[in-house]
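*Asks:* sharing a model prediction with you, sequence too.
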Amino acid sequence: MKELARRIDNPQSALILGLGGGTVAHLLSKTFSGIAIDGVELDPVVVGVGERYFRFGEIPNLKVIVADAYELVKNPKKYPLRADTYSTIIVDLFLGGGWSKQLEEIEFHQSVRNLLAKEGVVVFNRVSGFDRKQFHTTLSKIFAKIEVVEVGYKSLPFGNTLYLCQ
């Protein structure tokens with residue numbers, strides 16, 4: 001959230017692709033008071049766990065959408081998205097520790113960009129085990145500005161790589 005807050009002032013809306021347990025939604029809500037959040041999660045069981053154990057109901061302005069993130073960004077008119085474009089989009093999609101090959105497609109990244117407000121920021125959260133050069137090359141075909149931030153963890157031998165795109 002610190003990295004996002006350095007790049008965007010007072011975002012009005014956020015789209016989280018990969019809601020999971022809601023950590024990112026909680027952090028967005030605490031960092032940016034009043035932000036409207038659409039959280040997309042593929043698995044309704046995960047949503048149920050989030051509602052029961054991870055306090056989804058305590059996140060102001062959170063709308064949970066059970067859907068496939070890939071299909072949602074490719075066909076947004078089919079889903080109950082907010083009418084405006086998003087100030088920030090956070091792509092936090094993992095499948096068994098990795099990403100689906102569909103999420104590497106340039107069409108997916110372009111579709112994400114199409115949902116972003118003019119001055120908005122997309123954050124792609126990636127972990128080890130992917131071709132960084134290829135990923136950066138794909139993003140550079142769509143976004144004018146890409147910043148890479150490494151986030152390390154003391155308890156793990158690897159960390160996350162954030163790609164902040166505008």
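*Replies:* That came in fine, so what should we check first?

*Asks:* so, low pLDDT: which residues of the protein?
*Replies:* Low-confidence segments of the chain, defined by pLDDT under 70: 95-98, 128-129, 152-158.

*Asks:* the longest strand along it - contacts with which helices or strands?
*Replies:* The strand spanning the most residues in the chain, taking DSSP state E as the definition, is strand 116-127. The helices and strands touching strand 116-127, judged by 3 or more C-beta pairs under 8 Å, 6 or more residues apart in numbering; DSSP states H and E, are helix 2-7, strand 86-91, helix 132-140, strand 160-165. For every residue, glycine as well, the C-beta is placed using N, CA and C.

*Asks:* JSON lines for the ones you listed, including distance to Glu105?
*Replies:* Formatted as JSON lines, these follow (distance: least, C-beta to C-beta, whole Å):
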{"stretch": "helix 2-7", "distance to Glu105": "25"}
{"stretch": "strand 86-91", "distance to Glu105": "13"}
{"stretch": "helix 132-140", "distance to Glu105": "8"}
{"stretch": "strand 160-165", "distance to Glu105": "16"}
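
*Asks:* most neighbours per residue, which of those?
*Replies:* strand 86-91 (a mean of 24; mean count of other C-beta atoms under 10 Å).

*Asks:* tell me which residue is most central in the protein.
*Replies:* Taking C-alpha atoms, centre = their mean, the centroid of the chain lies closest to Ile90, which sits 1.8 Å from it.

*Asks:* bridged to it, which residues?
*Replies:* Ile16, Val123 (DSSP bridges).

*Asks:* quick one, what contacts it?
*Replies:* Ala14, Leu15, Ile16, Leu17, Gly18, Val24, Leu28, Val122, Val123, Asn125 (C-beta atoms under 8 Å, 6 or more residues apart in numbering).

*Asks:* for Asp9, give its distance to Phe143.
*Replies:* Using C-beta to C-beta, to the nearest Å, Asp9 is found at 19 Å from Phe143.

*Asks:* which of those two has more neighbours?
*Replies:* Neighbours per residue (other C-beta atoms under 10 Å) separate Asp9 from Phe143, with Phe143 holding more: 21 against 9.

*Asks:* in which helix or strand would I find that one?
*Replies:* Using DSSP states H and E, Phe143 maps to neither a helix nor a strand.
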